[in-house]
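1. need coordinates for the following:
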Amino acid sequence: MNSTATGGGVAELLHRSIRLHNHHGLRARWLVLTGEPDFFAVTKRLHHRLHGSPDPVGELGPAERNVYETTARSQAKQLLGRVAPGDLCVLHDPQTLGLAPHLADLGLRVAWRCHIGTTLHAEATQETWRFLEPYLSAPVRCGFSVAGYAPPWMERERIVVLPPSIDPSAPKNLRLDGAEVQALLSAIGLQRAPASAGSPSTPDRAVARAAHVLQEQQLPPGAPVILQVSRWDPLKDMTGVLRTFADHVAPARPDAHLVLAGPEPADIPDDPEGAAIHGSVVDTWRLLPAPVRERVHLVNLSLKDAEANARVVNALQTRADVVLQKSLKEGFGLTVTEAMWKGKAIVASAVGGIPTQIRDGHEGLLVDDPRDLRTFGKAVLRLLRDDTLRERLGTAAHSRCAERFLVGHEFRGYCSLYGELLQCL
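-> Predicted structure coming up:
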């Protein structure tokens with residue numbers, strides 16, 4: 001159970017996880033929590049706090065707890081008749097944790113999986129764990145993408161390390177040849193269609209509806225492309241990527257282009273900040289000098305057609321010469337994993353779960369301070385100038401992804417978790 005069926009890494013994980021469970025004979029269902037805007041405003045604050053970010057709203061008090069628990073009680077009542085004693089339930093992230101005591105009272109064996117966090121337990125993070133502590137006694141096991149994300153007081157025997165994964169057979173990760181990439185990116189209008197192309201086929205029309213591109217000029221054939229794919233979230237720092245390119249990359253490489261791609265904010269009901277952040281990025285883009293603005297392309301990805309969305313993201317990642325993940329905080333970073341699988345050279349912040357995937361100088365380049373735009377720019381320029389280094393890092397990234405971060409590894413982790421739940425009667 002999680003809080004949205006579309007948008008973000010958790011929903012994507014669950015789409016393929018449910019298929020894999022049922023393929024292997026485990027009868028699995030996916031339930032989605034619903035709530036009012038005030039509930040998601042509270043859980044977004046929990047999200048940022050667990051990442052270690054300051055909370056400008058203030059402390060978490062009785063009003064926030066009332067909103068959180070009211071939704072949990074309401075959702076638990078709606079589950080009556082849909083679950084039975086002895087069922088195994090995995091709750092995902094803080095939005096669903098409040099249901100844990102209610103489900104345990106119904107006789108379910110509950111685990112909680114937290115995809116976000118920080119190894120630096122600042123006061124905001126500690127206060128958030130105190131807020132969540134009353135609900136954490138119910139889950140038998142708690143899974144974290146990184147072991148250090150667990151609260152310091154949690155019993156070690158309850159902690160399970162379960163990194164996310166990608167499915168190499170999914171449309172987002174299938175190998176695309178140059179013609180397929182060209183067709184997909186032409187369909188969304190990012191670059192000009194080849195002169196030999198006829199009228200769009202039905203699948204291409206579906207792809208054309210999957211994205212809206214804001215740009216002044218189309219992407220030229222063969223131009224070096226720097227890409228970041230992420231939600232329009234303050235912690236992903238899309239504006240910082242824009243400034244890095246404008247101030248530290250574009251002047252040195254007048255041939256390079258930047259593509260920023262993220263989901264259509266209206267398609268993600270549990271993310272109340274998306275529209276404002278996207279608007280801020282657009283405002284920053286409009287203020288860029290014209291010669292730079294012409295080389296920046298903003299892509300809004302619709303989530304209404306999951307396969308078309310996945311194919312477009314695949315084409316963007318395949319087309320990229322350098323992939324960025326300039327997160328200020330990052331739970332794990334599945335867009336990094338996807339780029340690794342495609343053998344891309346990556347520059348990323350050394351935050352959260354990213355260093356568990358990439359070792360600096362081995363599978364990519366890491367920047368210790370995610371706010372250091374100059375160092376990010378230097379790393380990007382280094383990769384653009386060195387074809388051999390790009391190829392070496394990309395090859396190593398693909399190998400590491402294949403060894404550690406494919407869906408089979410995660411499924412085995414789930415099976416181990418279920419075994420532990422069954423033993424804890």
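2. which intervals of this protein have sub-threshold pLDDT?
-> Low-confidence segments of the chain (pLDDT under 70): 195-203, 425.
3. strands along that one, start to end?
-> 88-92, 109-114, 141-144, 159-161, 211-214, 225-229, 257-263, 296-301, 322-325, 345-349, 365-367 (DSSP state E).
4. switch those strands over to a markdown table; also include mean neighbour count and distance to His398.
-> All C-beta spots, glycine's among them, are computed from the backbone N, C-alpha and C. Shown next, in a markdown table, are the strands of the chain (neighbours: other Cβ atoms under 10 Å; distance: least, Cβ to Cβ, whole Å):
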| stretch | mean neighbour count | distance to His398 |
| --- | --- | --- |
| strand 88-92 | 22 | 28 |
| strand 109-114 | 24 | 27 |
| strand 141-144 | 23 | 26 |
| strand 159-161 | 16 | 23 |
| strand 211-214 | 18 | 26 |
| strand 225-229 | 25 | 17 |
| strand 257-263 | 24 | 21 |
| strand 296-301 | 22 | 24 |
| strand 322-325 | 28 | 13 |
| strand 345-349 | 27 | 11 |
| strand 365-367 | 22 | 16 |
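5. what's the closest of those strands to Ala179?
-> Nearest of the strands of the chain to Ala179, taken as Cβ to Cβ: strand 225-229 at 17.1 Å.
6. how far does the closest one sit from its chain's centre?
-> Distance of strand 225-229 from the chain centroid (Cα atoms, centre = their mean, to the nearest Å) equals 15 Å.
7. just the angle between it and strand 345-349, please?
-> Strand 225-229 runs at 50 degrees relative to strand 345-349, counting by axes from the mean of the first three to the mean of the last three Cα atoms, to 10 degrees.
8. so which of the strands of the chain comes closest to Ser186?
-> strand 211-214 (11.1 Å).
9. how about the helices in the stretch 151-300 of the chain?
-> Using DSSP state H, counting those that start in this stretch, the helices of the stretch 151-300 of the chain run over residues 178-187, 202-208, 238-244, 274-286, 290-293.
10. and Pro220, how many neighbours?
-> 11 (other Cβ atoms under 10 Å).
11. repeat for Gly107
-> Neighbours around Gly107, by other Cβ under 10 Å: 11.
12. quick check: it vs Ala84, distance?
-> 8 Å (Cβ to Cβ, to the nearest Å).
13. repeat that for Tyr68.
-> Using Cβ to Cβ, Tyr68 is found at 26 Å from Ala84.
14. can I get the strands of the chain in JSON lines including distance to Ala339?
-> Below are the strands of the chain laid out as JSON lines (distance: least, Cβ to Cβ, whole Å):
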{"stretch": "strand 88-92", "distance to Ala339": "24"}
{"stretch": "strand 109-114", "distance to Ala339": "24"}
{"stretch": "strand 141-144", "distance to Ala339": "23"}
{"stretch": "strand 159-161", "distance to Ala339": "23"}
{"stretch": "strand 211-214", "distance to Ala339": "18"}
{"stretch": "strand 225-229", "distance to Ala339": "8"}
{"stretch": "strand 257-263", "distance to Ala339": "12"}
{"stretch": "strand 296-301", "distance to Ala339": "16"}
{"stretch": "strand 322-325", "distance to Ala339": "4"}
{"stretch": "strand 345-349", "distance to Ala339": "5"}
{"stretch": "strand 365-367", "distance to Ala339": "13"}
